[in-house]
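Engineer: predicted structure and sequence below. I'll ask about it afterward.
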Amino acid sequence: MRMNRLSRALIPVLLIAATPTATQAAADAASRAVTETTIPAPEDRPYPGELHLAVDATDVERGVVHVHETLSGLGTGGIGDDPVLLYPEWLPGHHAPQGTIDRFAGLAIHANGVSIPWVRDPVNVFAFHLRLPPGTKSVDVAFDYLSPTSAKVGKPEISHDLLLVEWNSVVLYPAGFTVEQIPVDASLRIPATWKFGSALEPSSSNGGDVVFKRTSLETLVDSPVYAGKWAGRLTLDPGPHVPVVVDVFADRQELLAISPEHLAAYRSLVQQAYKLFGSHHYAHYDFLYSLSTQIEQNGLEHHQSSEDGSDPTALVEWDKNSFSRSLLPHEFTHSWNGKFRRPADLWTPNYNVPMQDSLLWVYEGQTQYWGEVLTARSGLWTRQQAFDQLALTAAYYDIETGARWRPLQDTTNDPIINPRRPMSWRDWQRFEDYYAEGMLIWLDVDTLIRERSHGKRSLDDFAKAFFGINDGSVATVTYTFDDVVAALNAVEPYDWARFLRERLDTANRPAPLDGLQRGGYRLVYDSTPSEFERNRDEGRKRLNLVFSVGLELDNNGAVMSVIWDSPAFKAGLSEGAQLLAVNGMAYSGDLFKDAIRAAVTDSQPIELIIKNGDRYQVVKLDYHTGLRYPHLERDPAKRGGTTSLEAIFAPKT
């Protein structure tokens, strides 16, 4: 929306006028602060005061969170009379400017009982300029965080029975300092009968009032809180090592149950991670795990915890939920890869300095690799389930078209380009392929090391050497591309720089499936999905036909995605269409699959009636190859013994 010059000139005045007790002189002074004061760059020096933060999250009916801060260390001898307060914009784990400033409201600032006017920076809308009266030593800040009340606003965070609090959404902090140098005393109020979980250590807890021990703003923001009515705790490392627990929050009490066998697999996850990395980098680790449809099913890493969410029945209907069990191993791996060791261009001194994502194929791609390996090694997956997941990944990149024009390296920009908004042509745009295609590259690296060293070394050796340093330390150690290459060469001398850059920077390359072949397996297709794939699609309520006609539909026939240049694409189908009929019969998933089977021996195209918006259309789907589902098959030439792929997924002893 355009504004005329007069309208824009009035904005600072209108902002100040919203503070009823501000004088015109104070308003003029605050307005001048915007033009006269720049936003101070963060410096690594002790903050001369402290931040007291009180968060009230008891209004679960409306999802309104009330925030009160007292910030000292201002004025002469502190940070001056013209401080700038920042709302976090660039969020770790998101790799992007996804700060929730759009949910921020009701800002009021006072000092010594007097209202202090503020002006939002006209360029950086996450920054607020103040002009304080001389001698002001501290300010009181109040605002509300308006959590989404429906899915159309955003992913739900607060419900009748459980909630999550991400501290980056409920804090303003002073510019000019690194966040590790700002001390914070934080407290949280939740419904009185609820339980909570967090990597933060409480100093007191009384009913719903929790006071946490003093920590840095960096640690606070990296330590979210889950809370809920129905909660349980699973101890994963009951021995003498540092505590590792799962704080589980569910929609109902009965969903918290877990069998001894399945608990043993989660406990094995911790031990297999220690055997892989040879270290830990947390004082204690808390999986914050929601089994709910009421709040977002999250997957977000932190150094000493993670935000995780699965289907409500993930524990009590174990066999039906295998597809989601790699989530916790993935986020746990991030404690080593991403949080302890972090790409140098992803580390920033505060939450308002832009990040760069060039090494996400290591940060996320290798984490995806180790997450799936650890899922199998721990027993959370059987080896067959791990192979079935690997087959699905390999098959997708075998048909994906976006690699024709876009190199994998460029996809590391995707968190900034598109923060996971819906896409109509995801495979042609090649979205966030640094995860799964990055995983295939690391499989390629692992099998090549094993082949060149005749089985004496593997990527496990890289993991221990690269992520296993400084055992027990939580201080972040950054890395560069050259560091990764040097560590690989220390394990197995090779031209790893060329190897990686060819796969990262070159468009129109074949899918990186050499690791499968070198690992003793090959990708094949037949007309029957694996049990793993069938459970995945039932859980997601989808019909997956991407490897045959190039379509994915929901259970009601709505087209969720179309593979570019697939038979469905050539027939004119697109995301958003609704299938109504197949060969003259009312649509059902089984009927559509029957039609695909029948078309193998019928030269006539499959006739579909679709609705797209307010238009109805008859579509001719000319496809005669039948249903195709991916599997891994052992290469007949690799007779006898254990293949390297089998060795990769086997538990470490």
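Structural biologist: Received, thanks.
Engineer: which residues does the residue nearest in space to the middle of the chain bridge with?
Structural biologist: With distances taken as C-alpha atoms, centre = their mean, residue 300 lies nearest the centre of the chain, 4.3 Å away. Bridge pairing for residue 300 (DSSP bridges) gives the partners residue 307.
Engineer: and the pLDDT at it?
Structural biologist: As predicted, residue 300 sits at a pLDDT of 96.
Engineer: residue 139 now?
Structural biologist: pLDDT at residue 139 comes out at 96.
Engineer: and the helix or strand containing residue 367, C-alpha only, in PDB?
Structural biologist: Following DSSP states H and E, one finds residue 367 within helix 365-378. The C-alpha trace of helix 365-378 is given here as PDB (Å, rounded to 0.1, in the frame of the first residue of the first chain):
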ATOM      1  CA  GLY A 365      22.200 -32.500   5.900                       C
ATOM      2  CA  GLN A 366      24.600 -34.400   8.100                       C
ATOM      3  CA  THR A 367      22.200 -34.100  11.000                       C
ATOM      4  CA  GLN A 368      19.600 -35.700   8.800                       C
ATOM      5  CA  TYR A 369      22.100 -38.500   8.100                       C
ATOM      6  CA  TRP A 370      23.000 -39.200  11.700                       C
ATOM      7  CA  GLY A 371      19.400 -38.800  12.800                       C
ATOM      8  CA  GLU A 372      18.300 -41.700  10.600                       C
ATOM      9  CA  VAL A 373      21.400 -43.700  11.400                       C
ATOM     10  CA  LEU A 374      20.900 -43.300  15.100                       C
ATOM     11  CA  THR A 375      17.200 -44.100  14.800                       C
ATOM     12  CA  ALA A 376      18.200 -47.500  13.400                       C
ATOM     13  CA  ARG A 377      21.200 -48.100  15.600                       C
ATOM     14  CA  SER A 378      19.100 -47.500  18.700                       C
END
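Engineer: from the chain's centroid, how far away is the helix or strand following it?
Structural biologist: For helix 365-378, the succeeding helix or strand toward the C-terminus, using DSSP H and E, is helix 383-399. Relative to the chain's own centre, helix 383-399 is displaced by 21 Å; criterion: C-alpha atoms, centre = their mean, to the nearest Å.
Engineer: ok, which stretches of the stretch 151-300 of the chain are strands?
Structural biologist: For the stretch 151-300 of the chain, the strands defined by DSSP state E, counting those that start in this stretch cover 162-165, 173-174, 183-189, 195-198, 202-206, 209-212, 215-216, 225-228, 230-235, 244-250, 285-291, 299-301.
Engineer: could you dump those into TSV with distance to residue 606 added?
Structural biologist: Where C-beta positions appear, they are placed from N, C-alpha and C, glycine not excepted. Shown next, in TSV, are those (distance: least, C-beta to C-beta, whole Å):
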stretch	distance to residue 606
strand 162-165	45
strand 173-174	59
strand 183-189	57
strand 195-198	51
strand 202-206	61
strand 209-212	59
strand 215-216	61
strand 225-228	47
strand 230-235	47
strand 244-250	43
strand 285-291	40
strand 299-301	37
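Engineer: would you mind saying which of the ones you listed lies nearest residue 133?
Structural biologist: For the strands of the stretch 151-300 of the chain, proximity to residue 133 was assessed by C-beta to C-beta; strand 173-174 is nearest, at 17.5 Å.
Engineer: contacting residues around that closest one?
Structural biologist: With C-beta atoms under 8 Å, 6 or more residues apart in numbering as the test, strand 173-174 has contacts from 47, 51, 71, 73, 79, 83-86, 88, 179, 182, 217, 350-351.
Engineer: which residues does the residue nearest to the centre of the chain contact?
Structural biologist: Applying C-beta under 8 Å, 6+ apart, the residues contacting residue 300 are 93-94, 224, 306-307, 331.
Engineer: number of residues surrounding residue 160?
Structural biologist: 12 (other C-beta atoms under 10 Å).
Engineer: which among the contacts of strand 173-174 count as buried?
Structural biologist: Among these, those classed as buried by neighbour count (16 or more other C-beta atoms under 10 Å) are 47, 51, 71, 73, 79, 83-86, 88, 179, 182, 217, 350-351.
Engineer: so which of those belong to helices?
Structural biologist: Applying DSSP state H to these, the entries found in helices are residue 217.
Engineer: so among the buried ones among the contacts of strand 173-174, where is pLDDT lowest?
Structural biologist: For those, the pLDDT minimum is residue 79, 78.
Engineer: against residue 103, how distant is that one?
Structural biologist: In this view, residue 79 and residue 103 are 27 Å apart by C-beta to C-beta, to the nearest Å.
Engineer: now the helix holding residue 367, how far from the centre of its chain.
Structural biologist: For helix 365-378, the distance to the chain centre is 16 Å (C-alpha atoms, centre = their mean).
Engineer: go on, stretch 211-227?
Structural biologist: Mean-position distance between stretch 211-227 and its chain equals 19 Å (C-alpha atoms, centre = their mean).
Engineer: do the same with stretch 616-626
Structural biologist: Using C-alpha atoms, centre = their mean, the offset of stretch 616-626 from its chain centre is 37 Å.
Engineer: what does stretch 70-82 give?
Structural biologist: Distance of stretch 70-82 from the chain centroid (C-alpha atoms, centre = their mean) equals 36 Å.
Engineer: quick one: buried residues of it?
Structural biologist: By neighbour count on 16+ other C-beta under 10 Å, the buried set for stretch 70-82 is 71, 73-75, 78-79, 81-82.
Engineer: just to revisit the earlier point, ok, the contacts of residue 300 vs residue 58, which is closest?
Structural biologist: Distances from residue 58 to the contacts of residue 300, taken by C-beta to C-beta, are shortest for residue 224, at 17.5 Å.
Engineer: verify the contact between that closest one and residue 307 for me.
Structural biologist: Yes - counting by C-beta atoms under 8 Å, residue 307 is a contact partner of residue 224 at 5.7 Å.
Engineer: for these two, list the residues in contact with both.
Structural biologist: In contact with both residue 224 and residue 307: 164, 166, 288, 300, using C-beta under 8 Å, 6+ apart.
Engineer: neighbour-wise, which of those leads?
Structural biologist: Comparing these by number of neighbours (other C-beta under 10 Å), residue 288 comes first, having 28 neighbours.
Engineer: OK, contacts around the closest residue to it other than its chain neighbours?
Structural biologist: Sequence neighbours aside, residue 226 is the residue nearest to residue 288 in space, at 4.1 Å (criterion: C-beta to C-beta, 6 or more residues apart in numbering). Shown in contact with residue 226 (C-beta under 8 Å, 6+ apart): 162-164, 196-198, 247, 249, 288-290, 307.
Engineer: if I look at residue 226, how far off is residue 149?
Structural biologist: From residue 226 to residue 149 the distance is 19 Å (C-beta to C-beta).
Engineer: with residue 161 instead?
Structural biologist: For residue 161 relative to residue 149 (C-beta to C-beta), the value is 15 Å.
Engineer: those two: who's more crowded?
Structural biologist: Shown here are residue 161 and residue 149; by other C-beta under 10 Å, residue 161 has more neighbours (20 against 14).
Engineer: right, I'll leave it there.
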